[in-house]
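Visitor: Here is my input, please return the structure:
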Amino acid sequence: MINNIGDGHFTWLVPDGDLPPKGDGDLEGHEALIILNTGSEKANIKMDVYFENKEPVKDLAIEVGAERVSCLRLDKPLPGSGYKIPYGQYALRIRSDQKIVVQFGRLDVRQPNLAYYCTMAQPVEGGRR
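Guide: Sure thing, here's the model as predicted:
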């Protein structure tokens, strides 16, 4: 059997986190991180959260099974650690022992027309595991 090493990179950066408030409508403002593991091995992931005015929170553990995708709502406690990202500006570094692909999305309900966008995280060439 040949192991599939998967697609993507070992390290990803999301520099523009800004968790919006939930709002009062049917749709809840939030941000999400989508992690795809196309490889044949479970991905053991560490996430670091950086802030403007305080020390980072590092090494939050996340697992994504082989050939699985995981969608993490960033306004909810994170699986594994239970850490909840506070509202306001932050940035993320995601490090994995397997190649993964990371996408980031935000639903912002602070104005009547709401806004949703998603973007690929920035892969780091030769990033550390």
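Visitor: Show me what the worst-scoring helix or strand of the chain on mean pLDDT is packed up against.
Guide: For the chain, counting by mean pLDDT, DSSP states H and E, strand 115-120 ranks last in confidence among helices and strands (a mean of 85). Using 3 or more Cβ pairs under 8 Å, 6 or more residues apart in numbering; DSSP states H and E as the contact criterion, the neighbours of strand 115-120 among helices and strands are strand 88-108. Every residue, glycine included, has its C-beta placed from N, CA and C.
Visitor: Give the next helix or strand downstream of the least confident helix or strand of the chain.
Guide: Under the assignment DSSP states H and E, the closest C-terminal helix or strand after strand 115-120 is strand 122-124.
Visitor: For Pro20, see how far away Ile100 is.
Guide: Applying Cβ to Cβ, to the nearest Å, one obtains 25 Å for the distance of Ile100 from Pro20.
Visitor: With Ala43 instead?
Guide: Using Cβ to Cβ, one obtains 28 Å as the distance from Ala43 to Pro20.
Visitor: Equivalent analysis for Gly82, please.
Guide: The spacing between Gly82 and Pro20, counted by Cβ to Cβ, is 22 Å.
Visitor: quick one: which of the two has more around it?
Guide: Shown here are Gly82 and Pro20; by other Cβ atoms under 10 Å, Pro20 has more neighbours (19 against 9).
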